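> Okay, predicted coordinates and the sequence, questions at the end:
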Amino acid sequence: MATSPRGVVDHSALKVNQTGIVAAVLVAFIGSAFFRPALVLIPLLSVVLLLGTFAPNLALFKQIYFKVLKPRGIVKPRLVQDRPEPHNFAQGMGGVVLAIASLFLVPLPVVGLALSLLVAVLAFINVAFGYCLGCQIYYQLGRAGLIKATR
Amino acid sequence: MSTQLWALAAAGAVVLVAAGLELWRSSHARGRALGLTAPTAAGDTEPYILYFTGDSCSVCRTHQEPALAKLVGVRIDKVDAIAERELADRFHVYTLPTTVVMSGEGKSLQVNYGYAPATKLERQLSEARRGELRNAATA
């Protein structure tokens, strides 16, 4: 889980998660040009993201960070006063979009791959610039009173 | 391979359209938010910053707050955009963080939707100070 003490989020775990998403989509995208079954990475990634949203202990990339990268000092922790909910929401949103992309991969692979690329682009923007579209949508939903958020 | 190229083109087109819409939205919101007023402290004549934030805003903590901390001697009024929704709506805050450079009289001079670096805020504040000096000289 990306939370350490209450109200503190380890942003390195989030970055590793986003980097994992970008890498997995790129491998599926480039790999499928030569070996079509590589597309199976998209539904697998969707399952990983959705599982991680509802059961943080099953968040594959975050667990790699907490169990391997952090203890070995490969990635240093970066604790920030923050709330995990918007990040989990964003991850869940990515998982849902990838699930929709997976449905298109066989009948309309262009649509499926394009949706997957959009998830990768948003994850990359989050890693590189710190802009989290899912968190903004979470804010808008909270503002509209659709979810109990941000207080 | 052509499937991948078409997918790349489709994703690129969506990104471009989204970026265009975002530019239009921010300039539209900025145009409506400029010149609005907010309550100001009595006797305060220096430009200040209205800083809209929220618990869900990570960029606020990782980028915007360190940038604001670099502005020495500048009054920063932190506003929770959810708790003070009326004020946030008045300034058309559709994204967090949003920073508004206010004149000493409490009039909005510049609106930044999204992260605004310290250098940009410093420039906007010095423009605001120059503007107020000009106004004082012509009054």
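Looks like it arrived, so ask away.
> Run through the strands of chain A in chain order.
A:8-10, A:79-81 (DSSP state E).
> what does chain B give?
Using DSSP E, strands in chain B cover B:48-53, B:76-80, B:98-102, B:108-113.
> Need the winner for burial among those strands.
strand B:98-102 (a mean of 25; mean count of other CB atoms under 10 Å in any protein chain shown). From N, CA and C alone the C-beta is placed, and that goes for glycine too.
> Tell me what angle that strand forms with strand B:108-113.
With axes from the mean of the first three to the mean of the last three CA atoms, to 10 degrees applied, the angle from strand B:98-102 to strand B:108-113 works out at 170 degrees.
> Check the spacing between the residue minimising distance to the centre of chain A and chain B real quick.
Taking CA atoms, centre = their mean, the centroid of chain A lies closest to residue A:91, which sits 4.1 Å from it. Counting by CB to the nearest CB, to the nearest Å, the gap from residue A:91 to chain B is 13 Å.
> got JSON lines for the strands of chain A, with distance to chain B too?
Output for the strands of chain A, formatted as JSON lines (distance: least, CB to the nearest CB, whole Å):
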{"stretch": "strand A:8-10", "distance to chain B": "8"}
{"stretch": "strand A:79-81", "distance to chain B": "5"}
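> Tell me where the model's unsure across the chain.
You didn't say which chain, so I picked chain A. Residue ranges of chain A with pLDDT under 70: A:1-6, A:149-151.
> ah, I was thinking of chain B
B:1, B:40-44, B:132-139.
> picking up where we left off before, my guess is the residue nearest to the centre of chain A contacts residue A:52. True?
Yes. Residue A:91 is within contact range of residue A:52, at 6.1 Å (criterion: CB atoms under 8 Å).
> Pull up the overlap in contacts between these two.
Here residue A:91 and residue A:52 share the contacting residues A:17, A:59, scored by CB atoms under 8 Å, 6 or more residues apart in numbering or on different chains.
> What's the biggest helix in the chain, counting residues?
You didn't say which chain, so I picked chain A. With DSSP state H setting the assignment, residue counts place helix A:11-34 as the longest helix in chain A.
> um, chain B though
From DSSP H, the single longest helix across chain B is helix B:2-33.
> got the angle between that one and strand B:98-102?
30 degrees.
> Now do helix B:2-33 against helix A:11-34: the angle between them, please.
140 degrees.
> Helix B:2-33 near chain A at all?
Yes. Counting by CB under 8 Å from any CB of the partner chain, chain A has neighbours in helix B:2-33: B:3-4, B:6-8, B:10-11, B:14-15.
> Of these, which pair is most distant in space?
Greatest spatial distance among the residues of helix B:2-33 next to chain A (CB to CB): B:3 and B:15, at 18.7 Å.
> More neighbours: the two, which one.
Legend: neighbour count by other CB atoms under 10 Å in any protein chain shown for residue B:3 and residue B:15, higher for residue B:3 (18 against 15).
> residue contacts, the residue nearest to the spatial centre of chain B?
What sits nearest the mean C-alpha location of chain B, by CA atoms, centre = their mean, is residue B:112, with 2.4 Å. Counting by CB under 8 Å, 6+ apart, residue B:112 touches B:98-101, B:120-121, B:124.
> which among the residues you listed gets closest to chain A?
residue B:98 (11.0 Å; CB to the nearest CB).
> and the nearest residue to that closest one once chain neighbours are set aside, how far is that from chain A?
Distances taken as CB to CB, 6 or more residues apart in numbering or on different chains place residue B:52 nearest to residue B:98, at 4.2 Å, with adjacent residues excluded. Using CB to the nearest CB, residue B:52 is found at 11 Å from chain A.
> Residue A:15 reaches residue A:127, doesn't it?
Yes. In this structure, residue A:15 is within contact of residue A:127 by CB under 8 Å, at 5.6 Å.
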